[in-house]
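A.B. asks: no FASTA, just this:
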């Protein structure tokens with residue numbers, strides 16, 4: 001389950017920063033690489049800061065393991081992915097901000113987008129990855 005940030009409660013307690021460590025299952029439909037799937041839940045280690053204008057900034061790391069067949073030679077392959085995510089949430093979102101309502105930040109859309117940005121365009125086995133780096 002993905003936690004939420006209760007902005008009203010945090011402001012009332014004058015607790016403007018905090019951390020969240022949790023795991024969640026990413027949507028399999030996010031992966032568009034044939035024969036590849038998530039081999040583990042996504043681990044999230046996030047930090048948030050709430051500002052005086054009501055905006056909340058969330059930053060942190062997402063990590064997950066992909067497993068499947070190499071996009072080049074079809075050998076078994078896996079890749080550990082670590083992604084630095086950041087997002088801004090606002091009660092009145094503009095441009096690239098996420099919105100929130102009723103004083104509660106729902107992280108699901110932010111996490112979905114972050115996993116999507118973190119996904120590689122293909123999965124390569126060690127042999128093919130070495131050939132490509134030469």
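C.D. replies: Sure, I can see it. Quick caveat: nothing in here was measured; it's all calculated off a predicted structure. Numbers count the residues shown, from 1 in each chain.
A.B. asks: show me where the protein has helices.
C.D. replies: 7-12, 108-118, 126-133 (DSSP state H).
A.B. asks: need the residues that contact the last one.
C.D. replies: What that stands for is helix 126-133. The contact list for helix 126-133, computed with Cβ atoms under 8 Å, 6 or more residues apart in numbering, reads 70-73, 75, 77, 124. All C-beta spots, glycine's among them, are computed from the backbone N, C-alpha and C.
A.B. asks: buried sites along that helix?
C.D. replies: By 16 or more other Cβ atoms under 10 Å, the buried positions in helix 126-133 come out as residue 128.
A.B. asks: same check, this time on the second one
C.D. replies: Buried residues in helix 108-118, counted by 16+ other Cβ under 10 Å: 110-111, 114-115, 118.
A.B. asks: tell me the one of those nearest residue 100?
C.D. replies: Among the buried residues of helix 108-118, residue 110 lies closest to residue 100 (Cβ to Cβ), at 10.1 Å.
A.B. asks: am I right that that closest one is in contact with residue 98?
C.D. replies: Yes - between residue 110 and residue 98 there is a contact under Cβ atoms under 8 Å: 5.5 Å.
A.B. asks: low-confidence bits of this structure, can you list those?
C.D. replies: 134 (pLDDT under 70).
A.B. asks: now the strands for the chain?
C.D. replies: Counting by DSSP state E, the chain has strands at residues 4-6, 17-24, 36-38, 42-50, 56-69, 76-90, 98-99, 104-106.
A.B. asks: for those strands, give me TSV that also has distance to residue 129.
C.D. replies: What follows is the strands of the chain, written out as TSV (distance: least, Cβ to Cβ, whole Å):
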stretch	distance to residue 129
strand 4-6	38
strand 17-24	27
strand 36-38	14
strand 42-50	22
strand 56-69	13
strand 76-90	8
strand 98-99	34
strand 104-106	37
